[in-house]
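Student: This is the structure alone, sequence omitted:
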């Protein structure tokens with residue numbers, strides 16, 4: 001059986017002022033659909049985060065999935081997917097129901113908002129959505145008191161549920177685990193916009209035994225886990241933000257034999273727009289040179305920092321022209337060098353030797369009738385003395 005492993009589509013995601021990335025996402029998904037056709041794939045895995053919380057765009061995202069992948073399903077292909085932490089369970093259930101209706105009898109869209117198993121041909125899939133409290137804890141366990149206790153209970157509940165589902169499988173047929181989680185062995189790299197306190201890390205060492213392949217989502221950089229080539233993150237299909245600008249996006253193609261052996265495994269590249277961070281000096285600005293230097297300027301997601309002089313440059317006109325060169329600019333920063341020079345000049349005019357006297361005169365004026373004036377002056381004098389002795393600039 002040929003399988004294509006993808007994850008983290010994040011349909012509907014935005015970046016800064018670029019609120020519509022649908023064409024970018026369409027291009028990546030179309031490349032995946034082309035791989036399905038070219039390599040005669042039988043099952044596509046989507047290991048979570050199909051969507052990105054943007055409810056106003058999820059209807060369009062569902063239409064996009066149907067448009068691009070319905071031909072694959074009608075040809076008898078299967079899509080096996082789990083929900084991630086960014087997915088909306090109700091929308092995913094609606095997508096599953098819709099796909100079941102339009103592909104009845106020829107192929108199925110297996111989208112699991114809850115832990116379950118599915119068998120396609122001889123291959124058994126265990127589908128484990130992102131470890132949420134309502135999926136893996138009992139009602140009694142939900143009375144946890146600390147975040148640490150919550151994470152420990154979910155970790156325990158996840159493993160118990162996985163063991164329970166795995167015990168129902170035929171040991172003589174191939175087994176594939178599909179999940180959306182943070183593997184504890186990849187260190188301090190966490191899911192998109194998550195930190196250590198929020199993340200649920202699962203100890204995979206206890207889970208990987210007897211799995212012929214483990215297909216994960218959640219971490220956006222494609223990688224094998226702890227050197228195990230048959231245990232992988234597929235990575236996201238577009239560069240979600242600037243933190244991913246140096247990552248090559250891809251999908252994983254593999255072929256599994258009836259005895260569970262992996263015949264071959266290959267990362268298939270996904271081409272997507274670059275993300276640029278650019279610093280521009282108005283004095284050196286040449287729009288034609290920028291276009292030559294950045295040949296994908298019309299498609300790239302760009303953040304630029306512009307240094308200009310308000311006495312000599314028209315900021316409005318410069319930004320207008322830069323928007324024509326970089327129509328998908330998602331963030332910009334402008335630095336007025338004239339104001340910076342004025343501030344530096346002002347700081348040079350300050351006589352820091354007289355700071356002590358200035359502070360004392362100010363306090364005496366403000367607290368002239370205050371009975372605590374003497375004490376305040378003493379404290380201020382001590383603070384100034386400490387700073388001077390430390391060698392700091394007052």
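Tutor: Now that the structure is in, tell me what you want to look at. Just so we're clear, the structure is a prediction, and the values are computed from it rather than from any experiment.
Student: what ranges do the helices span in the stretch 151-300 of the chain?
Tutor: Secondary structure of the stretch 151-300 of the chain by DSSP state H, counting those that start in this stretch: the helices cover 287-293.
Student: in it, what spans have low per-residue confidence?
Tutor: Of all residues in the stretch 151-300 of the chain, those with pLDDT under 70 make up the ranges 187-197, 203-209.
Student: Repeat the analysis, applying 90 as the threshold.
Tutor: Within the stretch 151-300 of the chain, the stretches falling below the threshold (pLDDT under 90) are 151-152, 155, 159, 183-210, 226-228, 263, 295.
Student: Sketch out the strands for it, chain order is fine.
Tutor: With DSSP state E, counting those that start in this stretch, the ranges of strands along the stretch 151-300 of the chain come out as 175-180, 182-183, 201-202, 213-217, 223-225, 228-233, 249-256, 262-270, 275-281.
Student: Can you give me the distance of residue 86 to residue 217?
Tutor: With distances defined as C-beta to C-beta, to the nearest Å, the gap from residue 86 to residue 217 amounts to 10 Å. Every C-beta, even on glycine, is put in place using the N, C-alpha and C of the backbone.
Student: Please apply the same query to residue 77.
Tutor: 19 Å.
Student: One more: residue 302?
Tutor: In this view, residue 302 and residue 217 are 28 Å apart by C-beta to C-beta.
Student: the more surrounded of those two?
Tutor: Using other C-beta atoms under 10 Å as the criterion, residue 302 and residue 217 rank with residue 217 on top: 30 against 26.
Student: and that one, what is it in contact with?
Tutor: 7, 8, 46, 47, 48, 49, 82, 84, 179, 180, 233, 234 (C-beta atoms under 8 Å, 6 or more residues apart in numbering).
Student: out of those residues, who's nearest residue 62?
Tutor: For the contacts of residue 217, the residue nearest residue 62 by C-beta to C-beta is residue 46; the value is 13.5 Å.
Student: hang on, the closest one in a helix?
Tutor: No. With DSSP: H, G, I helix; E, B strand; the rest coil as the criterion, residue 46 is strand rather than part of a helix.
Student: picking up where we left off before, mind giving me TSV with the strands of the stretch 151-300 of the chain and columns for distance to residue 63?
Tutor: As requested, the strands of the stretch 151-300 of the chain are arranged in TSV below (distance: least, C-beta to C-beta, whole Å):
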stretch	distance to residue 63
strand 175-180	23
strand 182-183	31
strand 201-202	34
strand 213-217	22
strand 223-225	32
strand 228-233	28
strand 249-256	22
strand 262-270	21
strand 275-281	27
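Student: element containing residue 124?
Tutor: Residue 124 is part of strand 123-128, with elements assigned from DSSP states H and E.
Student: Name all residues that make contact with residue 72.
Tutor: When contacts are counted by C-beta under 8 Å, 6+ apart, residue 72 is found next to 33, 36, 37, 41, 44, 79, 107.
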